[in-house]
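> No sequence on hand, only this structure:
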């Protein structure tokens, strides 16, 4: 236990340890924040702890991705199931994203790195810049997810309800430093995210592995943020920069095996940023693989649940001959029910529950750019980008224009990024109703936004609850 992590909880500050060996210079169970953050290895250790936190099952390791799929119109729960995510699929009141507290833990750790890295007594300026750029990216990523879970999209703020989430930009390592800010406006949160990413881009290069943050990853996330904020030219410019960096390369082979190689390779050729999992870090039954399938696709296997499967309206969105359906969906019978088990997380190297999570792929950049081109009435450029995705899927290139082209791009985005946790956010950023197999959630419904946890409201009198949850 040779690496520290600083865990902020409501009303307490706890110094604890982590099991990895990134910080080998302090062989103690706990150390002071001041001592730990005065060395390069100390801030590196805390930075790695943020990556570790992203991996947990309550975040990208399972819940953030699965909840987006089942809250939306993409996935459903099988008739015979383990009881997981049943309420999310039915959009039961108050059942929603639930990562508010752990998100602020990650933000605080990022803040501590940002606050302290410039003053460490060792390391080169290039090393410090790299660490600072990564921490700014990670803070931006977590805030981006938070503001889209608990606030409306900047372009579709309902009835003037413009509250986002609280902006906390200074690290806390002692109880006396804890503050209780009000929720910032959605537009202000977006502005901070954009500032963090712009600064990160200026500090980073592309020498890191794709399992760490690179300049291309910051450009790619900036493209995603711009897309959500209807900044069409910024969407194009940042997507282009991320593509041209060649950190991730587009897989163009139009075969089932070629498409599958994007997802069954530990370091995916298409990844611009992915979270690394070693065999020792398997989440086992709490893994994303366990929810999407049973090991070996055997309906009699006891390893894994296979509870989350495509809704009919998603299956109907695939065109005839689309190799993505063959590559990513395995037809099985589960307890007498014909279903498809998702193969995007099939256990790397045959290890159950071990999949690198692809946070940003090159294909998303082409889809971002296609959508932005379409909004700018540059149909030829939009067609060129979306047709890269279509032709690889074994489909004919489109010659659609105008509104028909935009609708096709959005459908391609749905299918290409299905099961990866984008769908709920894509629908909400468009101000769309959620039309599911089992019900319809209107955009005006309270359940479009997640409720602020009551424990946080009790501690911080400056916070306000989302409308309808009072």
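It's in. What you see is a predicted model; the values in this text were computed from it and never measured.

> just the strands in the stretch 251-400 of the chain please.
All strands of the stretch 251-400 of the chain, identified by DSSP state E, counting those that start in this stretch, fall at 271-275, 308-310, 329-334, 337-342, 357-361.

> Mind putting these into JSON lines with distance to residue 126 and mean pLDDT?
(Glycine included, C-beta is placed from N, CA and C.) Shown next, in JSON lines, are the strands of the stretch 251-400 of the chain (distance: least, Cβ to Cβ, whole Å; pLDDT from 0 to 100):
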{"stretch": "strand 271-275", "distance to residue 126": "20", "mean pLDDT": "98"}
{"stretch": "strand 308-310", "distance to residue 126": "43", "mean pLDDT": "98"}
{"stretch": "strand 329-334", "distance to residue 126": "45", "mean pLDDT": "94"}
{"stretch": "strand 337-342", "distance to residue 126": "41", "mean pLDDT": "96"}
{"stretch": "strand 357-361", "distance to residue 126": "24", "mean pLDDT": "98"}
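
> any chance of those strands in a markdown table, with mean neighbour count and distance to residue 188 too?
What follows is these, written out as a markdown table (neighbours: other Cβ atoms under 10 Å; distance: least, Cβ to Cβ, whole Å):
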| stretch | mean neighbour count | distance to residue 188 |
| --- | --- | --- |
| strand 271-275 | 24 | 25 |
| strand 308-310 | 26 | 35 |
| strand 329-334 | 16 | 41 |
| strand 337-342 | 18 | 37 |
| strand 357-361 | 24 | 24 |
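
> and stretch 343-353, which residues are buried?
Within stretch 343-353, the residues scored as buried using 16 or more other Cβ atoms under 10 Å are 343-348, 352-353.

> same check, this time on stretch 68-82
Those would be 68-78, 81, for stretch 68-82 by 16+ other Cβ under 10 Å.

> Between those residues, which sits nearest residue 144?
For these, the residue nearest residue 144 by Cβ to Cβ is residue 68; the value is 13.4 Å.

> shouldn't residue 133 be in contact with residue 203?
Yes. Contact criterion Cβ atoms under 8 Å: residue 133 and residue 203 qualify, at 3.5 Å.

> Settle it for me: which of these two has more neighbours?
It is residue 133, of residue 133 and residue 203, that has more neighbours when counted by other Cβ atoms under 10 Å, with 26 against 19.

> Please state the backbone phi and psi of the more buried one?
Main-chain dihedrals, residue 133, degrees, to the nearest 10: phi -60, psi -40.

> I'd like to know how far it sits from residue 47.
Distance, residue 133 to residue 47, by Cβ to Cβ, to the nearest Å: 11 Å.

> for residue 326, same thing?
Distance from residue 326 to residue 47, counting by Cβ to Cβ: 40 Å.

> who has more neighbours, these two?
Neighbour count, other Cβ under 10 Å: between residue 326 and residue 47, residue 47 has more, with 25 against 17.

> Check the gap between that one and residue 138 for me.
Distance from residue 47 to residue 138, by Cβ to Cβ: 8 Å.

> Give the residues shared as contacts by those two.
Jointly contacting residue 47 and residue 138 under the rule Cβ atoms under 8 Å, 6 or more residues apart in numbering are residue 110.
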